[in-house]
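A.B. asks: Fold the following and give me the result.
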Amino acid sequence: MTGYICLKSNPMKINSCQFNDSYFPIMDGVGMTVHNYADWLNSKYGESVVVVPKVKGYRDVADYKVYRFKSMLLPGMNPYRVGLPFVDVSFKKNLKKQKIDIAHAHCPFISGQIALKLARKNGIPLVTTFHTKYREDFKRMVSNEPLLDYLVDYSMEFYKKADHVWVPNNATGMTLREYGYTGEYEVMANGCDIEIPDKHQLMKMRKKGLEESGAGKDDFVLLFVGQHRWEKNVRMIIEALKQLKSTGEDFFMIFVGEGYAQKEMKNMVKQLELDDRVHFAGVITDRTRLLNYYAAADLFLFPSLYDNSPLVIQEAAAFGLPSIVVKNSSAAEPVIDGVNGFIVGNDPEFLARQIHTLMFKPQVVKKAGQGAQKSLYHPWESIADEVYFRYKDIIKEFRKKKKSSTK
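C.D. replies: Numbering: from 1, shown residues only. Modelled structure (predicted):
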């Protein structure tokens, strides 16, 4: 990050539009990024709107405008959806009326294509952020390698057409290169919308979290927050818990989220006789309630090899909660072992051993949690300030080029 600071009392107003194929009520990192971009930019720097798929029965309550297009569930990828904007006349009519200075696509698919078309038609710059390991997503639906390669290549064509490409960290940039993108990109970090609680708040939240989850006050509480997908390496967590149980120590595991693998995860927990040690909280859309779970935990487990720059690690850090991540994963990029988190090999035995060791070293856990809070936590407002200044430069450069090309 370049550390932009807003000094002007009356900054140039920018009307921005964020596009994505996931958004509330689906709670994932990219959707939360879209929300926080729009929320902070809208409150400080001009009107910001969001373009996302429609979800039946859900009503938007944001302070900014949300334009929804018709959609249906994506087969095999519940709760994610595929958009049908081409049959949504009212959506196209409403979006056409919106004045937009810059478009920002957070995925290359349906919403990304809407953003590209709108940017070219209106003569405005298109920024896109590469957030996700799409090849892993495609594998859920396609087993044919040549077809997988084609889908990845097709996705990369979108990024080649964008005016600016962003990634949330260097590891994600490396994935983008592996996928065949050869153009320029820049790092724009993600942030966190949780305020660091004081000691009194933390104690109150912890009590509520323990009560709601069913964990005992003397249990060593472990937490995972995220989509329940095998790509997140949740199988490794469950297998590690079985090994941990054999030690006879008291622990309690909480899974927060939803996803296609949830039913199989529950069955696996039952088969391994871990029912009394594991609680599936389901998806929690109430952020206040979610904070209670972070406060109740002693360690945050996030062994995902799929995620690029997980917001949940920052959320945990806000509570002084250190994460255990897997060596060489993108999520491990900002983690220094023993300083602001813990790094283990990609094996259930390594994870179980690390948890067991840390159960008897509370000061080590506390020190790493303090380190995480200092180095991994970045409030969204400061990120939004940086995004705004970058938008401003991009718009000026784009308009200058546009003007010179018409002479």
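
A.B. asks: what residues does stretch 154-161 touch?
C.D. replies: Stretch 154-161 has contacts (C-beta atoms under 8 Å, 6 or more residues apart in numbering) with 105, 108-109, 112-113, 116, 126, 128, 130, 134, 165, 176, 179-181, 183. In short, each C-beta sits where N, CA and C put it, glycine included.

A.B. asks: In it, which residues are buried?
C.D. replies: Residues of stretch 154-161 classed as buried by neighbour count (16 or more other C-beta atoms under 10 Å): 155-156, 158-159.

A.B. asks: got the residue ranges for the helices in this structure?
C.D. replies: 29-44, 89-97, 110-122, 134-139, 145-161, 170-178, 199-213, 234-245, 262-271, 287-296, 311-318, 348-359, 362-375, 380-405 (DSSP state H).

A.B. asks: Let's have these in a markdown table, adding mean pLDDT and distance to Phe224.
C.D. replies: Output for those, formatted as a markdown table (pLDDT from 0 to 100; distance: least, C-beta to C-beta, whole Å):
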| stretch | mean pLDDT | distance to Phe224 |
| --- | --- | --- |
| helix 29-44 | 96 | 14 |
| helix 89-97 | 93 | 36 |
| helix 110-122 | 96 | 28 |
| helix 134-139 | 89 | 18 |
| helix 145-161 | 95 | 28 |
| helix 170-178 | 95 | 20 |
| helix 199-213 | 97 | 12 |
| helix 234-245 | 98 | 6 |
| helix 262-271 | 98 | 10 |
| helix 287-296 | 96 | 10 |
| helix 311-318 | 97 | 8 |
| helix 348-359 | 98 | 12 |
| helix 362-375 | 98 | 16 |
| helix 380-405 | 95 | 22 |
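
A.B. asks: Quick check: Met188 vs Asn94, distance?
C.D. replies: 29 Å (C-beta to C-beta, to the nearest Å).

A.B. asks: the more surrounded of these two?
C.D. replies: With neighbours defined as other C-beta atoms under 10 Å, Met188 and Asn94 compare such that Met188 has more, 18 against 14.

A.B. asks: Tell me, what's the model's pLDDT at that one?
C.D. replies: Per-residue confidence (pLDDT) for Met188: 97.

A.B. asks: Check the contact between it and His164; I expect there is one.
C.D. replies: No - Met188 lies out of contact with His164 (C-beta atoms under 8 Å); the separation is 9.6 Å.

A.B. asks: Can you report how many residues lie near the nearest residue to Lys232 once chain neighbours are set aside?
C.D. replies: Nearest residue to Lys232, sequence neighbours excluded (C-beta to C-beta, 6 or more residues apart in numbering): Ser304, at 4.4 Å. Using other C-beta under 10 Å, Ser304 has 27 other residues around it.

A.B. asks: for Lys54, same thing?
C.D. replies: Lys54: 19 surrounding residues under other C-beta under 10 Å.

A.B. asks: contacting residues around the residue lying closest to it once chain neighbours are set aside?
C.D. replies: In space, Lys54 comes closest to Arg68 once its chain neighbours are excluded; the distance is 3.9 Å by C-beta to C-beta, 6+ apart. For Arg68, the contacting residues are 52-55, 60, 91, by C-beta under 8 Å, 6+ apart.

A.B. asks: Give me the PyMOL select line for those residues, limited to the buried ones.
C.D. replies: Buried residues among the contacts of Arg68 (16+ other C-beta under 10 Å), as a PyMOL selection:
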select buried, resi 52+53+54+55+91
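
A.B. asks: hmm, back to that, can you list the helices of the chain in CSV and add distance to His279?
C.D. replies: Shown next, in CSV, are the helices of the chain (distance: least, C-beta to C-beta, whole Å):
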stretch, distance to His279
helix 29-44, 22
helix 89-97, 40
helix 110-122, 34
helix 134-139, 27
helix 145-161, 36
helix 170-178, 31
helix 199-213, 5
helix 234-245, 12
helix 262-271, 10
helix 287-296, 10
helix 311-318, 17
helix 348-359, 17
helix 362-375, 21
helix 380-405, 29
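
A.B. asks: any idea which of the ones you listed is most buried?
C.D. replies: When these are scored by mean count of other C-beta atoms under 10 Å, the highest mean neighbour count falls to helix 311-318 (a mean of 26).

A.B. asks: If I take that one and helix 362-375, what angle do their directions form?
C.D. replies: Interaxial angle of helix 311-318 relative to helix 362-375 (axes from the mean of the first three to the mean of the last three C-alpha atoms, to 10 degrees): 110 degrees.

A.B. asks: Tell me the confidence at Tyr4?
C.D. replies: pLDDT, Tyr4: 45.

A.B. asks: actually Arg81, not the one I wrote
C.D. replies: Looking at Arg81, its pLDDT reads 81.

A.B. asks: got the contact list for it?
C.D. replies: 21-22, 26, 53, 55, 71-74.

A.B. asks: Of those, grab the buried ones for ChimeraX.
C.D. replies: Buried residues among the contacts of Arg81 (16+ other C-beta under 10 Å), as a ChimeraX selection:
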select :21,22,26,53,55,71,74
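
A.B. asks: Out of the contacts of Arg81, which comes closest to Pro334?
C.D. replies: Ser22 (23.7 Å; C-beta to C-beta).

A.B. asks: pLDDT on stretch 62-78, on average?
C.D. replies: Rounded mean pLDDT across stretch 62-78 is 86.

A.B. asks: how much distance is there from it to the middle of the chain?
C.D. replies: With C-alpha atoms, centre = their mean, to the nearest Å as the basis, stretch 62-78 stands 16 Å off its chain's centre.

A.B. asks: Just the buried positions in it, please.
C.D. replies: Buried residues in stretch 62-78, counted by 16+ other C-beta under 10 Å: 64-71, 74, 77.

A.B. asks: Could you do stretch 319-329 as well?
C.D. replies: Here stretch 319-329 shows 319-326, 329 as buried, counting by 16+ other C-beta under 10 Å.

A.B. asks: Inside strands: which ones of these?
C.D. replies: Judged by DSSP state E, strands contain the following of those: 323-326.
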